[in-house]
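>>> Sequence unavailable; structure follows:
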């Protein structure tokens with residue numbers, strides 16, 4: 001795949017998705033490292049302490065994931081206050097397959113759906129780690145407020161496209177993080193990929209860090 005930006009044609013290499021599990025729902029439920037009460041003692045959640053005593057007193061000593069699922073089943077939308085904006089969607093577990101030596105590198109990656117650029121991001125570590133351990137494998141704590149909304153959002157969008165559309169990753173290895181971010185921003189400004197929602201800073205901080 002060629003992307004023309006800043007007067008230069010840049011060749012991206014296609015990587016295929018291998019689906020491991022589809023329609024993964026209520027993923028947040030499996031988080032059991034802390035009770036709901038213990039979670040409210042952390043900085044990201046301490047503002048919810050008073051509301052917990054009003055809305056969730058009966059589940060505050062349950063493991064946090066099970067407590068939130070109980071509230072959800074009861075029709076109590078207060079449970080969403082503990083999750084990021086994309087923490088209760090339907091996900092897919094997948095890995096990305098392609099030239100192994102390229103996947104071991106870092107750089108710019110794109111997500112393509114039916115030949116349309118949907119997302120552009122950077123990997124400060126390896127492509128393989130970002131794709132297979134993060135975007136393709138959403139974990140329970142990642143669904144919470146202090147998790148990674150970006151990964152949840154991208155995975156959920158990929159899930160909506162499957163299995164009826166051609167979805168794949170395309171990568172361009174680079175070493176210099178400053179140059180990575182410059183190219184990523186140029187691509188986003190030129191093509192305005194639909195999934196790069198820059199209007200909400202809490203949802204999309206497009207940085208090179210995990």
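It's in. Note that the coordinates shown come from a computational prediction; the quantities given were computed from them, not determined experimentally. Residues are numbered from 1 along each chain as shown.
>>> So for stretch 21-36, mean pLDDT?
Mean per-residue pLDDT for stretch 21-36: 97.
>>> That one: which residues count as buried?
Judged by neighbour count (16 or more other CB atoms under 10 Å), stretch 21-36 contains these buried residues: 24, 27, 28, 29, 31, 34, 35, 36. C-beta: built from backbone N, CA, C; applies to glycine.
>>> hmm, who's touching it?
In this structure, residues lying in contact with stretch 21-36 by CB atoms under 8 Å, 6 or more residues apart in numbering are 52, 56, 59-69, 72, 82-83, 87-88, 90-93, 138-141, 143-144, 159, 162-163.
>>> again, only using 7 Å
With CB atoms under 7 Å, 6 or more residues apart in numbering as the test, stretch 21-36 has contacts from 52, 56, 59-69, 83, 87-88, 90-93, 138, 140-141, 143-144, 162.
>>> Where helices are concerned, which of those count?
By the criterion of DSSP state H, membership of the contacts of stretch 21-36 in helices covers 52, 64, 65, 66, 67, 68, 69.
>>> Now do the helix ranked longest in the chain: everything it contacts.
In the chain, ranked by residue count with DSSP H as the criterion, the top helix is helix 177-191. Contacts to helix 177-191, defined as CB under 7 Å, 6+ apart, come from residues 3, 5-6, 107-108, 117, 120-122, 124, 174, 196, 206, 208.
>>> hang on, the earlier thing: most neighbours among the ones in helices among the contacts of stretch 21-36, which one is it?
Neighbour count (other CB atoms under 10 Å) singles out residue 68 as the most crowded of these, with 30 neighbours.
>>> Verify the stated contact: that one with residue 79.
Yes. The criterion here is CB atoms under 7 Å, and residue 68 meets it with residue 79 at 4.1 Å.
>>> wait, what's in contact with the residue nearest to the spatial centre of the chain?
By CA atoms, centre = their mean, the chain has its centre lying nearest to residue 151, at 0.6 Å. Contact analysis of residue 151 by CB under 7 Å, 6+ apart lists 134, 135, 138, 142.
>>> That one in helix, strand or coil?
Three-state call for residue 151 (DSSP: H, G, I helix; E, B strand; the rest coil): helix.
>>> Give the pairing partners of the helix or strand bottoming out on mean pLDDT in the chain; include direction for each.
Lowest by mean pLDDT, DSSP states H and E among the helices and strands of the chain is strand 2-5, with a mean of 81. Applying DSSP bridges, strand 2-5 is found paired with strand 8-11 (antiparallel).
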